[in-house]
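# Build me a model:
(one chain, ligands or ions: 1)
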Amino acid sequence: MRNKIVAGNWKMNKDREETEVLLAELAAKLPDTTAEVMVAPTFVNLQEAVRLLENSTIQVIAQNMHYADNGAFTGEISAPMLNSIGIDTVILGHSERRAYFGETDELLAKKVAAALEKNMRVIFCFGEELEDRKSGKHFELVESQLRNALFNLEADDWNRIVLAYEPVWAIGTGETASPEQAQEMHAFIRKVITDKYNGELAEKISILYGGSVKPGNAKEIFSKPDVDGGLIGGASLVADDFMAIVEAI
Ligand SMILES: O=C[C@H](O)COP(=O)(O)O
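The predicted model follows:
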């Protein structure tokens with residue numbers, strides 16, 4: 001049985017006070033669920049978020065990290081720093097990091113290795129652009145992203161990998177992949193992992209869908225057999241919406 005996960009990626013939203021308000025609402029409204037529920041506030045508010053959620057089952061995770069432990073990397077945050085405030089899960093490879101900050105598969109392979117080395121869990125994001133889908137190259141592209149960043153991992157490393165398929169054309173656009181498109185890609189991802197490793201390993205990997213998941217479409221998307229939850233952007237900034245999505249899992 002794979003872990004069901006609903007993770008809220010707050011991106012560059014919510015200052016300190018707004019963070020406190022939203023976390024308090026989320027803690028109060030969290031429904032009874034067997035799913036893992038996670039939130040990724042901005043770096044400056046992570047420590048406070050950990051403190052505020054110490055009595056909640058909601059996990060606080062990070063949006064990004066550098067591959068080095070420390071050093072001359074102005075503006076960056078390392079895995080040991082995250083560990084030191086009680087964070088053990090990090091989102092890597094988000095399409096906004098790839099598009100606006102030039103993150104490549106090669107760099108992401110180093111980040112993934114660094115996170116795993118520090119016993120962190122990684123939510124690894126990947127997905128095609130609209131042109132890739134229009135030209136029918138989306139399967140090829142997705143496979144290459146997995147191969148380049150993750151296929152040097154040992155089978156055991158995958159115990160700490162969660163995948164988040166996010167078609168770039170569906171992020172923040174209001175346009176969602178149809179539940180069938182999501183299922184088709186998730187099944188393909190599981191097949192690619194089966195071919196590289198084995199079916200048993202592939203069956204254990206939680207594969208989240210991300211891209212305009214809202215209370216109104218979450219249930220249908222989550223009903224697909226290879227969709228194990230969601231990475232939620234905009235709707236994670238509104239407590240009732242996020243919790244409605246948690247209810248839908
Ligand atoms: O990390 C979350 C994804 O980028 C999805 O964002 P969205 O739900 O605002 O489309």
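
# Return the backbone torsion pair for residue 52.
Torsion angles at residue 52 (phi, psi; degrees, to the nearest 10) stand at phi -70, psi -30.

# Quick one: residues contacting it.
Residues counted as contacts of residue 52 (C-beta atoms under 8 Å, 6 or more residues apart in numbering) are 20, 23-24, 27. The C-beta positions use only the backbone N, C-alpha and C, and glycine is treated the same way.

# same deal with residue 224?
Counting by C-beta under 8 Å, 6+ apart, residue 224 makes contact with 179-180, 182-183, 186.

# before we move on, what about residue 33?
The neighbours of residue 33, taking C-beta under 8 Å, 6+ apart as the test, are 246-247, 249.

# For PyMOL, what selects the buried ones among the contacts of residue 52?
Here is the PyMOL command that selects the buried residues among these (16 or more other C-beta atoms under 10 Å):
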select buried, resi 23
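
# from the contacts of residue 52, which are also near the ligand?
Residues of the contacts of residue 52 in contact with the ligand (C-beta under 6 Å from any ligand atom): none.

# just checking, residue 168 touches residue 95?
Yes: applying C-beta atoms under 8 Å, one finds residue 168 in contact with residue 95, separated by 4.7 Å.

# quick one on the thing from earlier: sort out which of the contacts of residue 52 are in helices and list them.
Among the contacts of residue 52, the members found in helices (DSSP state H) are 20, 23-24, 27.

# just to revisit the earlier point, mind checking which of the contacts of residue 224 land in helices?
179-180, 182-183, 186.

# Considering those residues, which possesses the most neighbours?
Sorting those by how many neighbours each has (other C-beta atoms under 10 Å) puts residue 182 first, at 26 neighbours.
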